[in-house]
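Peer 1: Need a 3D model of the following:
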Amino acid sequence: VQLVASGGGLVQSGGSLRLSCAPSGFTFSSYDMSWYRQAPGKERELVATITSTSGSTNYADSVKGRFTISRDNAKNTVSLQMNTLKSEDTAVYYCYAYWRLLRRAHWGQGTQVTVSS
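Peer 2: I've put the predicted structure just below:
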C-alpha cells in the first residue's frame, strides 16, 4: 500500500498550490479520502474529507471557501486545491485513506507546504 503525495512547495501569501495523492495497492474507490496537516509544534489536524460513495466533502472551518478537495476514482487520485494561502497554512500535509466498512486506514508520506508572508 502506498499513498504518494506531491505538489507541496514554497508560495507567497495569497498564492495557490494544488496537492495530489496517488494511492496504490488498495481499492481506492472504497475509501474515504482526507488531507491532514501538521504544523511545527502542533497536533495533526483534519483539513478536508471526501467520501467514497457520494463524494460528499467536509472542511475544517479554517480552510472553508479557500480549499477544495476532489477525487477521480477512474485515475485513483485525490487532490487538494489550496487558494488564498495564508502563513498559518504552513504545515506538512498528509494524505489519508479510510475504509469505513472494514475500518482500514492508510497514511501517506507528507508533503511540505510553506507560505511566506
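Peer 1: All the helices of the chain, residue numbers only.
Peer 2: In the chain, no segments count as helices under DSSP state H.
Peer 1: low pLDDT regions in the protein?
Peer 2: The model of the chain has no residue with pLDDT under 70.
Peer 1: Tell me the bridge partners for the spatially most central residue of the chain.
Peer 2: Nearest to the mean C-alpha position of the chain, counting by C-alpha atoms, centre = their mean, stands Trp35 at 2.6 Å. With DSSP bridges applied, the residues forming beta bridges to Trp35 are Ala48, Cys95.
Peer 1: ok, it touching Ile69?
Peer 2: Yes. Taking contacts as C-beta atoms under 8 Å, Trp35 lies within contact range of Ile69: 6.4 Å. Quick note: C-beta positions are derived from backbone N, CA and C, even for glycine.
Peer 1: between these two, what contacts are shared?
Peer 2: Shared contacts of Trp35 and Ile69, defined by C-beta atoms under 8 Å, 6 or more residues apart in numbering, are found at Ala48, Val78, Leu80.
Peer 1: Spit out the contact partners of the last one.
Peer 2: Counting by C-beta under 8 Å, 6+ apart, Leu80 touches Arg18, Leu19, Ser20, Trp35, Val47, Ala48, Phe67, Thr68, Ile69, Tyr93.
Peer 1: what does the first one give?
Peer 2: Each residue near Ala48 by C-beta under 8 Å, 6+ apart is listed here: Ser34, Trp35, Thr57, Asn58, Tyr59, Ala60, Val63, Phe67, Thr68, Ile69, Leu80.
Peer 1: what's the distance between the residue nearest to Arg71 when sequence neighbours are not counted and Val113?
Peer 2: Closest residue to Arg71 in three dimensions, ignoring its sequence neighbours and counting by C-beta to C-beta, 6 or more residues apart in numbering: Val78, at 4.5 Å. Relative to Val113, Val78 is positioned 16 Å away (C-beta to C-beta, to the nearest Å).
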